[in-house]
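> From the sequence below, what's the structure:
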Amino acid sequence: MRQPLPVHPLAQAQPVHQIGRRPLQNPGANASKHIIGRGPLHDDDVQPLGAQQMAQQKAGRSRADNGDLRFHGPVPLMSCPASSGADGACLPWLCQHIDWTIQQLLGVMSTAVPTFYLYGEPQRAVEAGFVHVESLDDRSRPSEWTIQPHIHRDLNHVILICEGGGAMRADGDTVSFDAPCLLLVPAGIIHGFTWLRESLGWVTTISDSYLQHLLSRDDDLQPLFRAPHAVSLPPADFAEAEAAIQRMARELAWSGPGQRGAVEALLLGLLVQALRHAAPGDAGAASSGRQARLVARLRERIEQRFRDRDPVAAHALALGVSETTLRQACSHVAGMSPAAMVDERALLEARRLLIYSNLSIAEIAYAIGFDDPAYFSRFFTRHVGRPPSDWRAGGGGASRSS
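Presented below is the predicted three-dimensional model:
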């Protein structure tokens, strides 16, 4: 027999299944909108995407968190063998030195950007079916309406802004938004928020394995969590979204029959709303299931190997398709070439390191797979429009509105 769904520790002070009760005693909290619920949703159908398999699949993914910037086994710093006259010995030494540099980068990044379970809570293992709903002001009000940059290793956010607005900083870009809207934040993204005071809303948090299970239900949903973005909602759809999240919070607060199905239906409805109101560049065009799956596999491979700067032919061979097939799928699904997708991922990592580390431009170049720092600077300038040193001095990417 299934055990009752556990309630989040922060909610123990008061019952969470009644609207109008205040499970947290934050000064000024809006009791009529203060509901918390959470729980793992168990389903045999989700097992192929269970926590163990997802952990294995994501062991090399740098998107997952700063910890995935590691190389296996520390490499000690050593002098170049070429200095003692060994011809051709510099290349292995350089590779080892780059590995060591990334080890140091791990320490720098871990200090600069904290990794949390839920915001402010120590990192711990995420249950495969974890879903959590809480009021926006639960953590934002005590933090003076500023959420500092941080990472969730295996948790995604769907945030409904009911009143107010603010700005989201995500991987170097700043997105301004006003209510009503939805904010979609993928797992592994460095993000933070500055809210307008007294903003109201709901934060829904979903484990990465369970979100992938939901997205697999409809290929059109796949692009939603490729990057963080804001989705404006018309008034009628906003009211529907808020009602769905309130129902979801109530479902998560008890263990009645059909709970898993009810929560899954509500989540899918929320994702469909986001898809239908997202800008075309945010959600991407609808695509065939086979092509979407191929591009998803390529993205996973790029996450694991983008520092190797593999050519398109190597990716196609590893995925078991021709280069032509891979190029066509990427063009249709992602709107760019496979090479552009690799460059995009390298640029994302470069922007992260420029903002959140003190590494030099040369060290960043080596850390993301470039042998020549000068070539990296030209590469960055060509794609971003400014040299990396200027971009860093300016504080990162340009602002945009939802």
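
> Could you list the low-pLDDT ranges of the stretch 101-250 of the chain?
101-112 (pLDDT under 70).

> what about the strands in it?
Taking DSSP state E, counting those that start in this stretch as the criterion, the stretch 101-250 of the chain contains strands spanning 115-116, 130-135, 146-152, 155-163, 165-170, 173-178, 181-185, 191-195, 200-207, 229-232.

> Touching the third one from outside, list them.
Spelled out, that is strand 146-152. 65-66, 113-119, 139-140, 169, 187-195, 205, 356 (C-beta atoms under 8 Å, 6 or more residues apart in numbering). No exception for glycine: its C-beta is placed from N, CA and C like everyone else's.

> Please check these and keep the buried ones.
Applying a neighbour-count criterion of 16 or more other C-beta atoms under 10 Å, the buried members of the contacts of strand 146-152 are 65-66, 113, 115, 117-119, 139-140, 169, 187-195, 205, 356.

> before we move on, the earlier item: indicate which one of the strands of the stretch 101-250 of the chain is closest to residue 254.
strand 130-135 (13.3 Å; C-beta to C-beta).

> Quick check: which helices or strands does the closest one pack against?
strand 37-40, strand 200-207, helix 235-252 (3 or more C-beta pairs under 8 Å, 6 or more residues apart in numbering; DSSP states H and E).

> again, only this time at 10 Å
Using 3 or more C-beta pairs under 10 Å, 6 or more residues apart in numbering; DSSP states H and E as the contact test, the elements touching strand 130-135 are strand 37-40, strand 155-163, strand 200-207, helix 208-215, helix 235-252, helix 259-277.

> and the angle for it with helix 259-277?
An angle of 70 degrees separates the directions of strand 130-135 and helix 259-277 when computed by axes from the mean of the first three to the mean of the last three C-alpha atoms, to 10 degrees.

> where does residue 76 land on pLDDT?
According to the predicted model, the pLDDT of residue 76 comes to 35.

> Show the average pLDDT along stretch 336-345.
92.

> Numbering from 59 from now on, please.
Will do, 59 is the new start, and the previous item becomes stretch 394-403.

> Just the buried residues of that stretch, please?
Of the residues in stretch 394-403, 396, 399, 400, 401, 403 count as buried by neighbour count, 16+ other C-beta under 10 Å.

> Pick out whichever of these sits closest to residue 384.
For those, the nearest to residue 384 is residue 396 (5.5 Å; C-beta to C-beta).

> before we move on, back to that, would you turn the strands of the stretch 159-308 of the chain into JSON lines with distance to residue 313?
Output for those, formatted as JSON lines (distance: least, C-beta to C-beta, whole Å):
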{"stretch": "strand 173-174", "distance to residue 313": "27"}
{"stretch": "strand 188-193", "distance to residue 313": "13"}
{"stretch": "strand 204-210", "distance to residue 313": "26"}
{"stretch": "strand 213-221", "distance to residue 313": "22"}
{"stretch": "strand 223-228", "distance to residue 313": "34"}
{"stretch": "strand 231-236", "distance to residue 313": "35"}
{"stretch": "strand 239-243", "distance to residue 313": "28"}
{"stretch": "strand 249-253", "distance to residue 313": "32"}
{"stretch": "strand 258-265", "distance to residue 313": "18"}
{"stretch": "strand 287-290", "distance to residue 313": "32"}
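
> Residue 182: which of the ones you listed is closest?
Ranking these by their distance to residue 182 (criterion: C-beta to C-beta) puts strand 173-174 first, at 9.8 Å.
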